[in-house]
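Participant: Just need the structure, nothing else, for what follows:
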Amino acid sequence: MFSPGSDGFMLIAAALVFIMTPGLALFYGGMVNRKNAVTMMMQNFFSAGWTTIIWVLFGFSLAFGPDVKGIIGNAHYFFLNNITPKTLYPGNHVISLYTFMVYQLMFAIITPVLMTGAFADRMRFKAFILFTTLWLFFVYFPFAHWLWGGGFLQKWGVEDFAGGIVVHTSAGFGALAVVAYLGARKYVKEGNHSLPLILIGTALLWFGWFGFNAGSALRVDVDTNVAFVNTMEAAAFAAVTWMFIDYWKNRKWSAIGFMTGSIAGLATVTPTAGFISPQAAMIVGVVSAIICHLAVDFKNRRGWDDALDVWGVHGIGGFSGIILLGIFGNAAILGSNGLIHGNATFFIKQVVAAVGCAVYAFVITYILIWITDRITPVRVPEEAEKSGLDAYEWAESTYVDA
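Facilitator: Numbers count the residues shown, from 1 in each chain. The predicted model follows:
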């Protein structure tokens, strides 16, 4: 039966997830060179418009339309056909299908732009538009269908509460593929151009993540509460753990470390949020900081120019969260029991899904960026990289003297 309370909550949750995109723009925009900040921020904001158009025309139906052999949805909802204001979401019949559609739209908006932090300072905006379009069709829409839209992984019993695979693994390992294709920047300015922007961006991301995770319950019930609590706990435990690791290594406190740790905790708890106990979420937070910190250190040693640590934080965070769900999953809360509750089969399924989807995201993204480069040059000229992408591609600059 339709629930006005749950439907209203889901619309609020959708707005919370939307605020994460400008939050990410501020977070990334504060980290890059000031001469590239407009480019970085507009890549994020542009997705709010472009992805919405693609989603309502085709994407929602491909992700959540009637299943075609476990791989993709059919054309039933193209152009939002066959939906009325009274159509209920078939997954629970308590919220409208329009509400579910717009809530999932917000996930589609932010996922591809998570990758932009990895290839900062290098990609032409025209190429970004084409690449993002291809990536949505060949990575995001299939992943959303496989895990949430009745696809083969969901039917097999793989669980992903709010996007460990669909959002973070896809974007993180996709970002690594773009970095591998483009190579390192030739001109790297050390340091972040605006710490306050990073702090504000993190605050908006953390705030919006409550809609991201708690909203993924898709109704108001006790599981919504658990997901909300687990989100806060994991972010806090991870942020403090990361900051202490930085202090142990450098004997200096780091605001950036605290902020990065919070994002790592949020990304890692995302697939587990509604399926594990608050006690397990504390462990997830600590483990996420350790694993993601090690991943970033490994990336640095290898010389991979993932500029803003998208792979180490989002990719490894989401990947680890899927596996941690296989360990800590608790059927007494929701979903399946994990390894510590005696269900080794579920753990194996989670591991197989995480590895398989990470490989798929990397390989397909590498192919897509190669195709994009054949159609329109992806990398900016060396002189543009030196002078800044804002001056090369935009009529505006971040600051009047930039």
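Participant: Now do the strands in the stretch 51-200 of the chain.
Facilitator: Along the stretch 51-200 of the chain, counting by DSSP state E, counting those that start in this stretch, strands occupy 67-68, 72-73.
Participant: Need the winner for burial among those.
Facilitator: Of all the strands of the stretch 51-200 of the chain, strand 72-73 has the most neighbours on average by mean count of other CB atoms under 10 Å, namely a mean of 22. Bear in mind the C-beta positions are built from the backbone N, C-alpha and C, glycine included.
Participant: So, low pLDDT: which residues of this protein?
Facilitator: Residues of the chain meeting the criterion pLDDT under 70: 190-191, 401-402.
Participant: 80 instead, please
Facilitator: 188-191, 400-402 (pLDDT under 80).
Participant: Quick check: longest helix in it by residues?
Facilitator: helix 344-375 (DSSP state H).
Participant: Report the buried residues of that helix.
Facilitator: For helix 344-375, burial by neighbour count (16 or more other CB atoms under 10 Å) applies to 346-347, 349-350, 353-354, 357-358, 360-362, 364-366, 368-369, 372-373.
Participant: picking that back up, with distance to residue 187 added, can I get the strands of the stretch 51-200 of the chain in TSV?
Facilitator: Shown next, in TSV, are those (distance: least, CB to CB, whole Å):
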stretch	distance to residue 187
strand 67-68	47
strand 72-73	41
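Participant: For residue 61, find the nearest of the ones you listed.
Facilitator: strand 72-73 (5.4 Å; CB to CB).
Participant: so what strands line up beside that closest one?
Facilitator: Counting by DSSP bridges, the strands paired with strand 72-73 are strand 67-68 (antiparallel).
Participant: wait, which of the strands of the stretch 51-200 of the chain is closest to residue 253?
Facilitator: For these, the distance to residue 253 is smallest for strand 72-73, at 48.0 Å, taking CB to CB.
Participant: And for the closest one, what's in contact with it?
Facilitator: For strand 72-73, the surrounding residues in contact (CB atoms under 8 Å, 6 or more residues apart in numbering) are 61-67, 141-142, 145, 149-151.
Participant: Residue 368 versus the residue nearest to residue 205 when sequence neighbours are not counted, what's the distance?
Facilitator: If the residues on either side of it in the chain are set aside, residue 205 comes closest to residue 23, at 4.4 Å by CB to CB, 6 or more residues apart in numbering. Taking CB to CB, to the nearest Å as the measure, residue 23 and residue 368 are separated by 26 Å.
Participant: what does residue 77 give?
Facilitator: 24 Å.
Participant: And residue 106, by the same measure?
Facilitator: For residue 106, the distance to residue 368 - CB to CB - is 23 Å.
Participant: do residue 171 as well
Facilitator: 13 Å.
Participant: got it, and residue 299?
Facilitator: Computed with CB to CB, the distance linking residue 299 and residue 368 is 22 Å.
Participant: And for residue 339?
Facilitator: For residue 339, the distance to residue 368 - CB to CB - is 35 Å.
Participant: just residue 99 next, same as before
Facilitator: Note on residue 99: its distance to residue 368, by CB to CB, is 31 Å.
Participant: Repeat that for residue 137.
Facilitator: 9 Å.
Participant: What segments of the stretch 101-250 of the chain are helices?
Facilitator: Using DSSP state H, counting those that start in this stretch, the helices of the stretch 101-250 of the chain run over 125-135, 141-148, 152-156, 170-182, 195-214, 222-250.
Participant: As a markdown table, those with distance to residue 119 and mean neighbour count would be great.
Facilitator: Below are the helices of the stretch 101-250 of the chain laid out as a markdown table (distance: least, CB to CB, whole Å; neighbours: other CB atoms under 10 Å):
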| stretch | distance to residue 119 | mean neighbour count |
| --- | --- | --- |
| helix 125-135 | 9 | 19 |
| helix 141-148 | 20 | 25 |
| helix 152-156 | 28 | 15 |
| helix 170-182 | 5 | 25 |
| helix 195-214 | 18 | 21 |
| helix 222-250 | 24 | 20 |
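Participant: Turn these into CSV, including distance to residue 48.
Facilitator: Shown next, in CSV, are the helices of the stretch 101-250 of the chain (distance: least, CB to CB, whole Å):
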stretch, distance to residue 48
helix 125-135, 12
helix 141-148, 18
helix 152-156, 28
helix 170-182, 16
helix 195-214, 13
helix 222-250, 23
